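J.: Whatever this is, show me its structure:
(one chain, ligands or ions: 2)
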Amino acid sequence: MQPLRRPEPRPHERRRSEPVSAAGPRVALRPGASGPALPRRTALQIPVIAHRGASEDVPEHTLAAYEAALLQGADGLECDVRLTADMQLVCVHDRRVNRTSNGRGVVSTLELAQLRQLDFGSWKQPASESESEYAEYPDLRREGAHRVLTLERLLELVVDHPRPVQMAIETKHPTRYAGLVEEHLVALLDRFGLAHPRLGETSPVRVMSFSAMSVRRIRRLAPSLETVLLLDRVPLRLRDGSLPRGVRIAGPGIHILRTHPEYVERLHSMGNRVHVWTVDQATDIDLCVELGVDAIISNRPKAVLARLGRDGTAHPAAARPGAAGLNAESPESFRFP
Ligand code: G3P
Ligand code: CA
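T.: Ligands and ions are numbered 1, 2, ... in the order given. Sure, this is the predicted structure:
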């Protein structure tokens, strides 16, 4: 990352002092910009996306974890997808099933029927049964809610839900099936009418990847679908806030914003949005609010919603541009690390 400089005035601050001609403001895009600079969101405007479901409370990537996230009020669901040996898209993070199930083996070498034999729930015990989501929603324990989750079943959950739900689907690479992942993904989304939104419409689904190649494939197969380039570190060529052609959303890890908070402003000034993962700590949530990011991806959607003032205990200051969702122990303001 280039050396830190004091961030330039934010777009809305800059606009206030600039003369506006009778013909209206001129929109001069910065070289490489995807569009006009974006304003920062307030705390109440930041969508909260449940990372692998409500995965702090309930075993990740299970139907129970996603149902819990929706019950908690998450605006969207994040999932990782992999292809099985018989070309079914399943929601599993690791290459192997060893960590999150009672089985062993590589997802891409197992058929869906084999994965269905496994228990994806028993590896994780809730910290306290009486305080767990299971105590509040006993139905989460029902038969089948902790078996392998196909993307098809997750999409059914989303489209059947009574309120709009965003989906952030991450393709995992490298995999032996390479481009087949994107082909099967777009074909499945198409079956749900989610792959090709018409002009002026937006699919609730966006596809994310750390692999720029995967993102390019999605853009080729489904040009009107939104894509997110995930970033574990920011390559030199993107440090000015630009993104590869056609990509309008960056997905930096929160560790990047802790050390380089000005990166959000750079992305916004280029007309790009910022979806941050994995934001679980109060100080990180506050940082995201102060920076005005465009989505928070968290294992703890309930805690994030509360911190943003969306659990019914909203402090009026939470709606102020740039303000953190405040509660008794949150500082009125904070400094960048
Ligand atoms: O939402 C993006 C984030 O999930 C990327 O990291 O390893 O949790 O898939 P990972
Ligand atoms: Ca992921």
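J.: Wait, a strand at Pro162?
T.: No. Looking at Pro162 with DSSP: H, G, I helix; E, B strand; the rest coil, it is coil, so not inside a strand.
J.: for this structure, what are the low-confidence residue spans?
T.: In the predicted model, the chain carries pLDDT under 70 at residues 1-27, 312-337.
J.: Can I get the lengthiest strand in it in CSV? Just the C-alpha atoms.
T.: Longest strand of the chain, by residue count under DSSP state E: strand 76-83. Listed next in CSV are the C-alpha coordinates belonging to strand 76-83 (Å, rounded to 0.1, in the frame of the first residue of the first chain):
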residue,chain,number,x,y,z
GLY,A,76,-28.0,-11.0,3.3
LEU,A,77,-26.3,-14.4,3.4
GLU,A,78,-22.7,-15.2,2.4
CYS,A,79,-21.7,-18.7,1.3
ASP,A,80,-18.8,-20.5,-0.3
VAL,A,81,-19.5,-23.0,-3.1
ARG,A,82,-17.7,-26.0,-4.4
LEU,A,83,-18.6,-28.7,-7.0
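J.: what about it and ligand 1, any contact?
T.: Yes. Strand 76-83 reaches ligand 1 (C-beta under 6 Å from any ligand atom) through 78, 80. For glycine as for every other residue, the C-beta is placed from the backbone atoms N, C-alpha and C.
J.: packing partners for that strand?
T.: Strand 76-83 is packed against strand 48-51, helix 63-72, strand 89-90, helix 151-160, strand 166-171, helix 180-191, with contacts defined by 3 or more C-beta pairs under 8 Å, 6 or more residues apart in numbering; DSSP states H and E.
J.: With distance to ligand 1 added, can I get these in a markdown table?
T.: Converted to a markdown table, those look like this (distance: least, C-beta to the nearest ligand atom, whole Å):
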| stretch | distance to ligand 1 |
| --- | --- |
| strand 48-51 | 6 |
| helix 63-72 | 13 |
| strand 89-90 | 14 |
| helix 151-160 | 15 |
| strand 166-171 | 6 |
| helix 180-191 | 14 |
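J.: Comparing the ones you listed, which comes out most buried?
T.: strand 48-51 (a mean of 28; mean count of other C-beta atoms under 10 Å).
J.: interface residues of the stretch 1-150 of the chain facing ligand 1?
T.: 51, 78, 80, 93.
J.: Bridge partners for the third one, pull those for me.
T.: With DSSP bridges as the criterion, the beta-bridge partners of Asp80 are Glu170.
J.: I figured Leu291 hits Leu257, correct?
T.: Yes. Judged on C-beta atoms under 8 Å, Leu291 makes contact with Leu257 at a distance of 6.4 Å.
J.: Please identify every residue contacting each of these two.
T.: Taking C-beta atoms under 8 Å, 6 or more residues apart in numbering as the contact rule, Leu291 and Leu257 both touch Val264.
J.: Disregarding flanking residues, what is the spatial nearest neighbour of the residue nearest to the spatial centre of the chain?
T.: A centroid search over the chain (C-alpha atoms, centre = their mean) returns Ile297, at 4.5 Å, as the residue closest to the centre. The shortest distance from Ile297 to any non-neighbouring residue, by C-beta to C-beta, 6 or more residues apart in numbering, is to Trp277 (4.0 Å).
J.: What separation is there between that neighbour and Pro31?
T.: 29 Å (C-beta to C-beta, to the nearest Å).
J.: and the two? which has more neighbours close in?
T.: Trp277 (25 against 7; other C-beta atoms under 10 Å).
J.: who does the more buried one bridge with?
T.: In beta-bridge terms (that is, DSSP bridges), Trp277 pairs with Gly253.
J.: who are the neighbours in contact with it?
T.: 51, 78, 230, 251-254, 297.
J.: then stretch 90-102 to CSV, C-alphas only?
T.: Once non-C-alpha atoms are left out, stretch 90-102 reads as follows in CSV (Å, rounded to 0.1, in the frame of the first residue of the first chain):
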residue,chain,number,x,y,z
VAL,A,90,-22.6,-27.4,-2.3
CYS,A,91,-21.9,-24.8,0.4
VAL,A,92,-18.6,-25.9,2.0
HIS,A,93,-15.7,-23.6,2.8
ASP,A,94,-12.7,-26.0,3.0
ARG,A,95,-11.4,-28.2,0.3
ARG,A,96,-12.0,-31.1,2.6
VAL,A,97,-14.9,-32.0,4.8
ASN,A,98,-12.8,-33.0,7.8
ARG,A,99,-13.1,-29.8,9.9
THR,A,100,-16.9,-29.3,9.6
SER,A,101,-18.3,-32.8,9.4
ASN,A,102,-17.9,-36.2,10.9
